[in-house]
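**Q** Okay, here's the prediction I keep looking at, along with the sequence it came from:
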Amino acid sequence: MKLAVIGTGYVGLVSGVCFTLNGNHVICVDKDEEKINKLNRMESPIYEPGIEALIEVNLREGRLSFSSDLTDSVRRSDIIILAVGTPSLPNGEADLQYIEGAAAEVGRAMDGYKIIMTKSTVPVGTNEKIRKMIASQTTYPFDIVSAPEFLREGSAISDTLHPDRIVIGLDNPDLEPVMRKLHQGFTENVFVTDIRSAEMIKYASNAFLATKISFINEIANICEKVGADVTEVAQGMGMDRRIGSSFLQAGIGYGGSCFPKDTNALIQIAGNVDYEFKLLESVVEVNKGQRFMIISKLHESLGSLRGAVIGIWGLAFKPNTDDVREAPAREIVEALVAEGAIVKLFDPIAADNFRKQYDHPQLRWCSLPEEAAKDSDAVCLLTDWSLFRDIDLHKLAQSMRKQILIDGRNLYTKQQIEGTGLEYHSVGRPQMGGLSGYSQSVAGAV
Ligand code: UDX
């Protein structure tokens with residue numbers, strides 16, 4: 001089939017590239033000519049493992065092309081995929097100006113029957129608006145399909161090629177075989193439903209995952225007070241198949257381009273029909289507070305932070321991405337600066353993006369984790385990049401002014417910390433080393 005994907009952000013580019021792999025011809029369209037030129041030079045505008053190699057091979061073999069000409073691309077295609085951004089408005093609602101604008105342009109460009117498939121995350125009822133918008137611009141027939149995307153940054157290609165399920169919302173049953181063919185080879189689990197339910201599935205799924213994270217973070221906070229270990233608790237809970245083990249990793253909370261935006265949007269969607277989504281409001285509140293446990297733990301160990309030197313490991317909202325959108329690191333670093341600390345920052349790939357958004361004379365930019373730790377009063381791990389796992393913690397402790405490690409992602413095991421001389425704080429697990437906590441209680445027991 002011939003496809004045009006409108007928007008070359010994460011969702012658009014990854015979907016476009018992946019649809020070439022099961023035999024389709026795809027034109028990825030973007031207004032931003034600079035981006036299109038870059039893509040034609042086989043350079044990806046997003047950091048995503050494996051994407052450049054796929055762009056290169058499919059471009060060379062003629063299954064993939066990039067264009068800034070929406071009209072021409074629409075005319076050459078049978079299926080038009082809308083994958084433009086839906087950022088948050090100040091009140092949390094999704095801003096639909098880009099998707100509505102793209103729909104109008106697609107309508108004007110049409111020269112025959114087309115299937116319009118929405119991949120952008122849009123509030124319930126938006127596909128109906130898209131339908132009206134297109135109908136106001138063309139007399140040609142068309143169908144609308146809602147096909148929400150569930151890919152995660154960092155594993156976007158395998159998530160797209162091997163998803164748990166594909167959700168398709170449609171109102172013309174003739175489209176079902178076309179949609180199954182389009183996704184052929186990805187998974188047999190194609191769930192076909194009505195358009196509004198498909199739109200809701202996306203928000204409900206992200207809200208539920210965010211709820212799991214805030215839930216386990218609150219359990220972690222209680223574990224600290226009662227002397228339990230949240231990683232053990234999560235493992236024990238996850239063995240119940242009704243609960244499941246994923247998204248029960250306690251830490252400093254969720255960030256990124258989806259969870260914060262989609263949870264707020266769902267609260268707004270509910271509010272617009274006079275329903276207060278109290279549970280989700282609490283999930284968002286818990287998440288906003290969780291990052292500041294880093295600051296509380298620093299106070300516990302160091303007292304005032306004025307003049308303290310704090311090393312920060314990890315700025316991206318999660319590993320394997322250079323994305324710093326809604327990353328907890330931002331507010332943590334800002335709070336440290338406000339308290340008068342000198343902050344030494346390291347991230348293997350997200351530092352440039354972070355620096356573009358926030359810089360300050362109290363910040364020191366480091367190109368190695370060891371450099372950020374050297375002569376510091378404490379190191380705080382904010383993103384669980386695997387490279388931190390392999391750091392020699394004995395050497396690390398020796399290079400620091402005070403031997404305090406605050407692990408916001410529970411990356412290290414007890415065995416890795418023991419004997420290093422570090423005072424180790426993590427999330428929802430007993431403290432090790434230092435004047436209180438694990439070592440003291442063990443000492444008391446023997
Ligand atoms: C998410 C959804 O997983 C995906 O289906 C949707 O399409 C887009 O949003 P993404 O934002 O790329 O994907 O990242 P994800 O891996 O889901 O992590 C989101 C955030 O939750 C990260 O900040 C991560 O650190 C945090 N997280 C995740 C936890 O704190 N604990 C967990 O157990 C899992």
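**A** That came in fine, so what should we check first? Numbers count the residues shown, from 1 in each chain.
**Q** Tell me the confidence at the residue nearest to residue 93 when sequence neighbours are not counted?
**A** The shortest distance from residue 93 to any non-neighbouring residue, by C-beta to C-beta, 6 or more residues apart in numbering, is to residue 268 (4.4 Å). Every residue, glycine included, has its C-beta placed from N, CA and C. For residue 268, the pLDDT comes out at 95.
**Q** Could you do residue 217 as well?
**A** So residue 217 comes in at 98 (pLDDT).
**Q** in a helix, that's where it is, yeah?
**A** Yes - assessed with DSSP: H, G, I helix; E, B strand; the rest coil, residue 217 lies in a helix.
**Q** quick one, what contacts it?
**A** 250-251, 253, 286-287, 290, 427-428 (C-beta atoms under 8 Å, 6 or more residues apart in numbering).
**Q** swap in residue 142?
**A** The contact partners of residue 142, taken as C-beta under 8 Å, 6+ apart, are 110, 113-116, 134.
**Q** can you put these in TSV and add pLDDT and distance to the ligand?
**A** As requested, these are exported to TSV (pLDDT from 0 to 100; distance: C-beta to the nearest ligand atom, whole Å):
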residue	pLDDT	distance to the ligand
110	98	29
113	98	30
114	98	25
115	98	22
116	98	21
134	98	25
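**Q** Give me the nearest residue to the residue most central in space within the chain, chain neighbours excluded.
**A** The centroid of the chain falls nearest to residue 256 when counting by C-alpha atoms, centre = their mean (3.8 Å). Distance criterion C-beta to C-beta, 6+ apart; nearest residue to residue 256, sequence neighbours excluded, is residue 317 at 4.4 Å.
**Q** in a strand, that's where the one you found is, yeah?
**A** No - Residue 317 is assigned coil when assessed by three-state DSSP, not a strand.
**Q** Wait, it touches residue 328, no?
**A** Yes - counting by C-beta atoms under 8 Å, residue 317 does reach residue 328; the two are 7.2 Å apart.
**Q** Now list whatever residues contact both of these two.
**A** Common neighbours of residue 317 and residue 328, counting by C-beta under 8 Å, 6+ apart, are residue 255.
**Q** how about the helices in the stretch 151-300 of the chain?
**A** For the stretch 151-300 of the chain, helices defined by DSSP state H, counting those that start in this stretch occupy the ranges 156-161, 175-182, 195-226, 230-238, 259-272, 278-290, 293-302.
**Q** Please identify the deepest-packed of these.
**A** Highest mean neighbour count among the helices of the stretch 151-300 of the chain (mean count of other C-beta atoms under 10 Å): helix 259-272, with a mean of 20.
**Q** now that one: how far from the chain's centre is it?
**A** 16 Å (C-alpha atoms, centre = their mean, to the nearest Å).
**Q** Direction-wise, compare that helix with helix 195-226 and give the angle.
**A** 120 degrees (axes from the mean of the first three to the mean of the last three C-alpha atoms, to 10 degrees).
**Q** which other helices and strands contact helix 259-272?
**A** helix 195-226, helix 278-290 (3 or more C-beta pairs under 8 Å, 6 or more residues apart in numbering; DSSP states H and E).
**Q** would you turn these into a markdown table with distance to the ligand?
**A** Formatted as a markdown table, the helices and strands packed on helix 259-272 follow (distance: least, C-beta to the nearest ligand atom, whole Å):
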| stretch | distance to the ligand |
| --- | --- |
| helix 195-226 | 5 |
| helix 278-290 | 9 |
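**Q** So which residues of the chain form strands?
**A** Ranges of strands in the chain, per DSSP state E, are 2-6, 25-29, 64-67, 79-82, 114-118, 142-146, 166-170, 190-193, 309-313, 342-346, 363-365, 378-381, 404-407, 423-425.
**Q** Arrange those strands in JSON lines, one row each, with distance to residue 159 as further columns.
**A** Converted to JSON lines, those look like this (distance: least, C-beta to C-beta, whole Å):
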{"stretch": "strand 2-6", "distance to residue 159": "17"}
{"stretch": "strand 25-29", "distance to residue 159": "18"}
{"stretch": "strand 64-67", "distance to residue 159": "19"}
{"stretch": "strand 79-82", "distance to residue 159": "17"}
{"stretch": "strand 114-118", "distance to residue 159": "18"}
{"stretch": "strand 142-146", "distance to residue 159": "18"}
{"stretch": "strand 166-170", "distance to residue 159": "11"}
{"stretch": "strand 190-193", "distance to residue 159": "16"}
{"stretch": "strand 309-313", "distance to residue 159": "26"}
{"stretch": "strand 342-346", "distance to residue 159": "28"}
{"stretch": "strand 363-365", "distance to residue 159": "32"}
{"stretch": "strand 378-381", "distance to residue 159": "26"}
{"stretch": "strand 404-407", "distance to residue 159": "27"}
{"stretch": "strand 423-425", "distance to residue 159": "33"}
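**Q** Which among these is found nearest to residue 416?
**A** Of all the strands of the chain, it is strand 423-425 that lies closest to residue 416, at 9.2 Å by C-beta to C-beta.
**Q** what residues are up against residue 99?
**A** Residue 99 makes contact with 82, 84, 86, 118, 120, 122, 126, 130, according to C-beta under 8 Å, 6+ apart.
**Q** export the residues you listed to TSV and tack on distance to the ligand, neighbour count and pLDDT?
**A** Compiled in TSV, those are given as follows (distance: C-beta to the nearest ligand atom, whole Å; neighbours: other C-beta atoms under 10 Å; pLDDT from 0 to 100):
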residue	distance to the ligand	neighbour count	pLDDT
82	16	27	98
84	15	25	96
86	12	20	91
118	14	27	98
120	11	26	93
122	13	23	93
126	17	23	96
130	20	26	97
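**Q** which among these gets closest to residue 294?
**A** Nearest to residue 294 among the contacts of residue 99: residue 86, at 30.7 Å, using C-beta to C-beta.
**Q** any idea how far residue 61 is from the closest one?
**A** Counting by C-beta to C-beta, to the nearest Å, the gap from residue 86 to residue 61 is 32 Å.
**Q** possible to save the helices of the stretch 151-300 of the chain as JSON lines with distance to residue 406?
**A** Shown next, in JSON lines, are these (distance: least, C-beta to C-beta, whole Å):
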{"stretch": "helix 156-161", "distance to residue 406": "30"}
{"stretch": "helix 175-182", "distance to residue 406": "47"}
{"stretch": "helix 195-226", "distance to residue 406": "13"}
{"stretch": "helix 230-238", "distance to residue 406": "15"}
{"stretch": "helix 259-272", "distance to residue 406": "23"}
{"stretch": "helix 278-290", "distance to residue 406": "13"}
{"stretch": "helix 293-302", "distance to residue 406": "5"}
